[in-house]
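S.K.: need a 3D model of the sequence below.
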Amino acid sequence: MAQQNIYDNEKFFESFKNIRADEINFNDLIETPILLGMMPGLKGKSILDVGCGMGQHAKQYSDMGALSVLGVDISEKMLAFAKENNSAPNIEYRKLPFEDLEKLNGQFDVVTSSLAFDYAEDLCAVLKKIYALLIPGGKLVFSISHPISTAYDGVYDRYTRTPEGERLYANLHNYNIEGLRKFKWCVEDYEVYHRRLSTLINDIVSAGFIIEECQESDLPEEIIRKYPDKFGGLYHHPDFIFFRCGRHP
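M.R.: Below you'll find the predicted structure:
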């Protein structure tokens, strides 16, 4: 499987870091509350955070009472930031792409991943590796870009708009054609893998998991109205989809 490491691109990393530094951002207001709300109890549990990035979630899991947290990521820049800004005695950070998860020893009570599977060419293969790392009855909780959101390649505007610029509806482009998509986000030719919703679900089930809960991203209407330029698209499509999955006991 191809390994993608856009986060060590200096221009991308600085742009991404600035986005996350803004208090009004998609991750903190939308993604994190839903992801944490779907977690099982973490007290005394061993956690693996796949694609841990800057370590915000790893630190949250530590603060929620986890016995140990291992965060793995392919990006040296992200791991350096995590070690400097989101460290704790029970957190370990390690450079490891998710394509190589079989190199880890031991098993975990909970595996999590926040918007990292967008970069997985063969998601089912990654999920099978995660399944093998979970204890019987263990949980996988992850977020990924919604297939409606990745059915876009930058050729056309993401939205059809009024002459005044108001979003009328979201545009889909080649939803049924799966594979690599490129569009502009922080850098030119930002890459993610698009897969249909049915493929996403079938990958989870084929890896052996039981789907326990699914959520789609949303925000209270008062927040969307307050920041229409940033969050107005949520009226038309969810950006993220979330799953809590269980390994068979």
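
S.K.: distance of D118 from I211?
M.R.: 19 Å (C-beta to C-beta, to the nearest Å). The way it works is simple: take the backbone N, C-alpha and C, and place the C-beta from them, glycine included.

S.K.: compare neighbour counts for these two and give me the winner.
M.R.: Higher neighbour count among D118 and I211: D118, with 21 against 13, using other C-beta atoms under 10 Å.

S.K.: wait, the more buried one touches P147, no?
M.R.: No: under the criterion of C-beta atoms under 8 Å, D118 is not in contact with P147, lying 10.9 Å apart.

S.K.: tell me what whichever strand in the chain runs longest is packed against?
M.R.: When the chain is parsed with DSSP state E, its longest strand is strand 134-145. For strand 134-145, the elements it packs on are helix 32-37, strand 108-114, helix 123-133, strand 240-246, judged by 3 or more C-beta pairs under 8 Å, 6 or more residues apart in numbering; DSSP states H and E.

S.K.: among the ones you listed, which is the most enclosed?
M.R.: Of all those, strand 108-114 has the most neighbours on average by mean count of other C-beta atoms under 10 Å, namely a mean of 24.

S.K.: strand partners of that one, parallel vs antiparallel please.
M.R.: strand 46-50 (parallel), strand 134-145 (parallel) (DSSP bridges).

S.K.: got TSV for these, with distance to Q215 too?
M.R.: Shown next, in TSV, are the strands paired with strand 108-114 (distance: least, C-beta to C-beta, whole Å):
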stretch	distance to Q215
strand 46-50	19
strand 134-145	9
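
S.K.: return the most buried member of the ones you listed.
M.R.: Comparing the strands paired with strand 108-114 by mean count of other C-beta under 10 Å gives strand 46-50 as most buried, with a mean of 25.

S.K.: what does that one contact?
M.R.: 57-58, 61, 66-72, 98, 101, 104, 106-114, 116, 130, 133, 142 (C-beta atoms under 8 Å, 6 or more residues apart in numbering).

S.K.: orientation of it relative to helix 123-133 in degrees?
M.R.: For strand 46-50 against helix 123-133, the angle by axes from the mean of the first three to the mean of the last three C-alpha atoms, to 10 degrees is 160 degrees.

S.K.: tell me the first helix or strand C-terminal of strand 46-50.
M.R.: Following strand 46-50 in sequence order, the next helix or strand is helix 56-63 (DSSP states H and E).

S.K.: show me where the protein has helices.
M.R.: Secondary structure of the chain (DSSP state H): helices located at 10-21, 26, 32-37, 56-63, 76-85, 123-133, 147-150, 197-206, 221-226, 228-231.

S.K.: name the nearest residue to S206, ignoring sequence neighbours.
M.R.: In space, and not counting its chain neighbours, S206 is closest to C124: 5.4 Å by C-beta to C-beta, 6 or more residues apart in numbering.
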